[in-house]
Structure formats: C-alpha cells, structure tokens
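> would you be able to build a 3D model of this:
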Amino acid sequence: MEKTIIKEKIKPELKNPVLIEGLPGLGMVGRIAIRYLIKQLKAKKIAELYSPHFPYYVLVNKKGNVRLLRGDFYFWKNDTGENDLIFLTGDHQAQTIEGQYDVAGCILDFAEKCGVKMAITIGGYRKEAEETPKVVAVSTNPKLLDRALQAEAVASPAGNPIVGTAGLLLGLARFRNIDALCLLGETCGYLRDPKAAKSVLRVLQKILNLKMNLSGLEGAIKKSDEIVEKMREIEERRETYAQKIRQMEEERITYIS
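Below is the predicted model of the structure:
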C-alpha cells in the first residue's frame, strides 16, 4: 500500500450530514464516545480507511484471523432531525507529521464527497478533572462555538494546542468551507476515561438535539474509578515504604556518627 485509501461499502443518500470524529488519543475519550454513539444509534458502516502511515502490525481476532489497522466510517439516518450523521473512529492515528496531514486530508476529501458542511472532532484535554469533567470547546465558526457554550461547554484558553487528527481536521476544514468544532473532555490522559467521554456526549446531545440514554457508560465508569483507586492505594503504599527506607537510612547514619 503506497497511499491512504478509502474503500466505500455503500453509498447512502445523506441529508445535510455532520461528520463526527473520535480516534484513539488522550484517555481514549474520542474513541469511547464514537463507539458508544455507533452502538446506541445502531449506525451502519459506510467505508473503511487504510493508510501506510498507521503502525506496521495487524490485529488478530478470536478466530485467529488478521486484519490491517484501519479507520471506520459509519452513518446514521436522522429521520426526525435536520442532519444525518457520519461517525469516524479507528484503531490508531498516523505515526508521523506527514502521515497526519495525509490522513486528515483524505478524511476531508471523503467528507466533501458526502456533502458534509460541518465537522465535530472529539478528544481529551489533559487536566485533572473534578467529579464531573468539563468539556473544552474550540471552533472555526463563532456561531458554532456559541452553540457549544450554550450546551455547557467552556471556551478553550488561548494558546491551547490540539494535537493529532482532532486538531488537524479543525484547521484544514477552513480550506474546504467546512465549519468545524472540537470538543475535549478533561482527563488525566493515562487511562481509558469513559467519564470524560460521557461529559462530551452530554454536550454533543444538546448541540445536535439527539435523544440518547447515556446510562450505558456507567459500568465502564465504575470499573475506571476502581482502577484509579487501586493505583492510588499502590502509590500510597509505595510512598509509605519509601519513607520507611529513608528513615532507616537516617537512623543508620546517626548511629555510625
């Protein structure tokens, strides 16, 4: 494979489609959110993206079959609203700067082909969150940003870098006359964070007027909280042990003196 390609499976007629992207990144916030949307809305696969810029290994399923890393596009027909939705998630992001630009450009080519005029990207914002993570928003269109703020997102601080596909799609969309919005859930970033994903989905619901039950994330949130608590306990034990070692060393030095 010499270049990034998109293999279309079906070509549905879409009504004012909105592209919503969530690839693996900080806290896996985007991937968790998009996979939940796909499951809840019973979205159907529309296309697959393959690229030589993805890592050089294959994934093995339970039956022992293998496949290349890829991005997956899904669509959902919104029978009661103004916009059909196209979802994009995948196994990995491109590994190089050039690859990031190439894959982002290919994504936007496909979006234009589908008639997309608005794109929303989802990711994580590295910050220790309170009980309910906040959602940081940034947009290429002031009116779209205002919609996000009215949906209880908060404006991004100046100078905040948005790394990877979530940021590049935002910047490159300007050259395609596509309005773009980025929603970032507060997360520590080193563990899967379904709580941050839930916060983002809550804001997204209000922006797009989606009716969806988010309670299905509670089980994952509980497991995540348990892992965090165990890690804290391990760190506390490690610190206690380190203090004892330091105390023993100090007593030994005092005795020798």
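> which of the residues in stretch 66-85 are buried?
69-76, 78, 83-85 (16 or more other CB atoms under 10 Å). Bear in mind the C-beta positions are built from the backbone N, C-alpha and C, glycine included.
> can you tell me how far the most centrally placed residue in the chain is from residue 59?
By CA atoms, centre = their mean, the chain has its centre lying nearest to residue 30, at 1.4 Å. Note on residue 30: its distance to residue 59, by CB to CB, to the nearest Å, is 19 Å.
> likewise residue 94?
17 Å.
> my guess is residue 44 contacts residue 10. True?
Yes: between residue 44 and residue 10 there is a contact at 7.4 Å, judged by CB atoms under 8 Å.
> neighbour count winner among those two?
Taking neighbours as other CB atoms under 10 Å, residue 44 and residue 10 compare with residue 44 leading, 13 against 9.
> bridged to the more buried one, which residues?
For residue 44, the beta-bridge partners are residue 75 (DSSP bridges).
> thinking again about what came up before, give me the more crowded residue out of residue 94 and residue 59.
Remark: of residue 94 and residue 59, residue 94 carries more neighbours, 23 against 12, as counted by other CB under 10 Å.
> just the pLDDT for residue 79.
For residue 79, the pLDDT comes out at 89.
> same check on residue 70?
The model reports residue 70 with a pLDDT of 97.
> hang on, it packs against residue 90?
Yes: here residue 70 reaches residue 90: they are 6.0 Å apart, a contact under CB under 8 Å.
> list the residues that contact both of these two?
Here residue 70 and residue 90 have residue 49 as joint contacts, going by CB atoms under 8 Å, 6 or more residues apart in numbering.
> looking at the buried residues of stretch 66-85, which is nearest residue 247?
Closest to residue 247 out of the buried residues of stretch 66-85 is residue 69 (50.2 Å), distances taken as CB to CB.
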